[in-house]
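1. Next comes the sequence, and after it the predicted model I'd like to discuss.
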Amino acid sequence: FELIFTNNASQDQSLEKILQIREEVPWVQVISLSRNFGYQASLMSGLNNSSGDAIILIDVDCEDPPEMLLQFIEKWEEGYDIVYGERVKRNEPHLIQLARKLFYRLTKAISDSDFILDMAEFSLFTCEVKEAIIYNKSSYPFVRSEISYAGFKRYKIPYTRNHRISGKTHYNLIGMSLFAIGGMLSSSTFPLRFIVYSGVPLLLLNMICLLLILFGINLPIMPLILLNMSALLMALMIVSVYLARTYKDVVRKPLFIVNKKKSYMNK
C-alpha cells in the first residue's frame, strides 16, 4: 500500500500533520504543489505519481466515509475495474441538492460519451483505468468524466455523504456553478452544436421574411433584427469559451507544478 496526500499549497498545518504521520507510517507520502492549481489538477498530480494495481481517490474531510474503502476493495477483488460511491443524499439545503441532481442529469443528457449519474471522484479503479485518465492532456481535466469515458466494468455503492469533520469548505454557490459549467464544457460539445440546431430554423425564418418583403408584404423588421443579434451574440460567447479552452490546450502550460522541497515520496 501507499497513501499519497496531495497538498495543494495549503496555508494551514496540513503538511506538518502529514509529516508527523509519515514518521510512524513510512508508506505515507505527500506531493506539494507550488500553488493552488485547483481540485482537479491536485487529483491529477496524485494519479500521475501513483502506482499499484488499484488506485483510490478520497477527500480528506471524511465527507466520503473511509469505511467504504473496504467495500471498494472487495468488489475490485470480485473483478470490477471501477467501484464508485453513488451520492444518494447529502447534508445540505434541498435547493442545492436539487441543483446537483440537475447538473448530473443535464450533463449526462448532453455529454458526448457516457456520464455516470451522482458520481464524484470517490472511487477505486484499476491501473488500466488510471492510464486512460492521465492520457488526457487537457488543461481542463474533469476526472469523473474521464472515469466514465474509460468504460470497463463498473459497480456502484450508494451512500449518504457526511458532514466535514473539521474546517470549512471554500466552495460557494458561484464556485459550484463555475465548476458545473466547466464540467459540462469538458464533457460535451453540445453548446457548439446547439448553435447549428438553433441557427437552421432562424435562417429559414430570415429567408421567409425576405421573400415576403420581396413580394411587397410589410413586416416589422426590428424584432427580427433583435432576434438575429441575440443569436449572433450567444453564438459568439459559446465559440469564445471553447476557443479559449482550445488555446490553453495548445499552449500546454503544466497542469500542475510540484514543489519538490515540500514533497516527500518514497520513489
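-> Thanks, I have it.
2. Please name the nearest non-neighbouring residue to Ile195.
-> Ala235 (4.6 Å; Cβ to Cβ, 6 or more residues apart in numbering). To be clear about C-beta, it is placed using only N, CA and C from the backbone, and glycine gets the same treatment.
3. and that neighbour, how many neighbours does it have?
-> 17 (other Cβ atoms under 10 Å).
4. Just confirm it contacts Leu202, I think it does.
-> No - with contact defined as Cβ atoms under 8 Å, Ala235 does not reach Leu202; the gap is 10.2 Å.
5. So the closest residue in space to Asn91 that isn't next to it in sequence: helix, strand or coil?
-> Nearest residue to Asn91 in three dimensions, chain neighbours excluded: His163, at 5.5 Å (Cβ to Cβ, 6+ apart). Per DSSP: H, G, I helix; E, B strand; the rest coil, the secondary structure class of His163 is coil.
6. The stretch 151-267 of the chain: strands as residue ranges?
-> Under the criterion DSSP state E, counting those that start in this stretch, the stretch 151-267 of the chain contains strands at 154-161.
7. hey, where'd the helices end up in it?
-> 173-187, 190-214, 221-251 (DSSP state H, counting those that start in this stretch).
8. the inter-axis angle of the last one versus helix 190-214?
-> Angle, helix 221-251 to helix 190-214, by axes from the mean of the first three to the mean of the last three Cα atoms, to 10 degrees: 150 degrees.
9. tell me what helix 221-251 is packed against?
-> Secondary-structure packing of helix 221-251 (3 or more Cβ pairs under 8 Å, 6 or more residues apart in numbering; DSSP states H and E): helix 173-187, helix 190-214.
10. what's the least confident stretch among those helices?
-> Note on those: lowest mean pLDDT is at helix 173-187, with a mean of 78.
11. for that helix, packing partners?
-> Helix 173-187 packs on helix 94-110, helix 143-150, helix 221-251, going by 3+ Cβ pairs under 8 Å, 6+ apart.
12. in the first one, what's buried?
-> Of the residues in helix 94-110, those buried under the neighbour-count criterion (16 or more other Cβ atoms under 10 Å) are 100, 103-104, 107-108, 110.
13. Tell me which of these has the lowest pLDDT.
-> Ranking the buried residues of helix 94-110 by pLDDT, Arg100 lands last with 80.
14. Skipping adjacent residues, who's closest to that one in space?
-> Arg100 sits nearest to Arg90 (Cβ to Cβ, 6+ apart), 7.4 Å away.
15. Done for today, thanks.
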